[in-house]
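>>> sequence? don't have it. structure:
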């Protein structure tokens, strides 16, 4: 079986509270995007799971990879034979694009289909949440507002984004999520529901839709602020940091001219929504 785990971007990200256990409460818009890894799954030949990772993107120790953790998590609920897995990475790590979370959740969905496990979306979301707060969004894989730690999902209609161009850029930075959360300057509930802001035309998002991590990360990593300015200079209608970085994205009505950026050693992807 071959599946294509896709990335996501955050349409705004607000830290609105903190739980007693230290987890931050968020409000964010999740938008799945057509930037994909490739995940190939077939029966294994040995007694244990085997994972090959290709693509030249650093994903950490193989044993700790979220794809294998997803298999182990699902195996506590259903019998699954040893597997041979090949993961070809395109989505950069440490980018705020949810690549690892997508890989793990697509593995759960693939195993459910491959072995006819009969799990519901709700059951898959519960397993996905044990792997990471960003994982449940990829079970249904549709636009949604995420609340709680990101797992309380409300479907979101974003038809007005159809046909827009999306540009994703990431400098050679890897921002540790713990570092990003540690630098947050304020916890402040939103006065206006995020759904109301996102329903407006994209031309009105600038100044109204923000990411709480920009205030803390831009002073530490000035390249991020410069890149955001460059995206606007190139004609972006709206640009923002996604997740806790280090990728930024831009929405525009026409493709952005990226020749100058391509000479700066950035990861760059552009597609149409």
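Everything's here; your move. As the structure is a computational prediction, the values presented were derived from the model and not from experiment.
>>> just checking, what packs against the helix or strand containing residue 181?
Here residue 181, judged by DSSP states H and E, is contained in helix 177-182. Applying 3 or more C-beta pairs under 8 Å, 6 or more residues apart in numbering; DSSP states H and E, we find helix 177-182 packed against helix 212-220. C-betas here are computed from N, CA, C, even on glycine.
>>> nearest residue to residue 18 other than its sequence neighbours?
Spatial nearest neighbour of residue 18, excluding adjacent residues (C-beta to C-beta, 6 or more residues apart in numbering): residue 24 at 5.4 Å.
>>> tell me the buried residues in stretch 258-270?
Neighbour counts over stretch 258-270 (16 or more other C-beta atoms under 10 Å) mark 258, 261, 266, 267, 269 as buried.
>>> now stretch 215-232
So for stretch 215-232, counting by 16+ other C-beta under 10 Å, buried means 216, 217, 218, 221, 224, 227, 228, 230, 231.
>>> again, but for stretch 43-54
49, 51, 53.
>>> can you get me a residue count around the closest residue to residue 210 other than its chain neighbours?
Distances taken as C-beta to C-beta, 6+ apart place residue 12 nearest to residue 210, at 6.3 Å, with adjacent residues excluded. Counted with other C-beta atoms under 10 Å, residues neighbouring residue 12 total 19.
>>> tell me which element residue 12 falls in.
Going by DSSP H and E, residue 12 is part of strand 6-18.
>>> helices or strands next to that strand in the packing?
Here strand 6-18 touches strand 24-36, helix 99-114, helix 137-140, strand 165-170, helix 194-198, helix 212-220, strand 238-241, going by 3+ C-beta pairs under 8 Å, 6+ apart.
>>> out of these, which comes closest to residue 59?
helix 99-114 (7.0 Å; C-beta to C-beta).
>>> for the helix or strand following the closest one, the averaged confidence score.
Per DSSP H and E, the first helix or strand lying C-terminal to helix 99-114 is helix 121-131. Averaging pLDDT along helix 121-131 gives 97.
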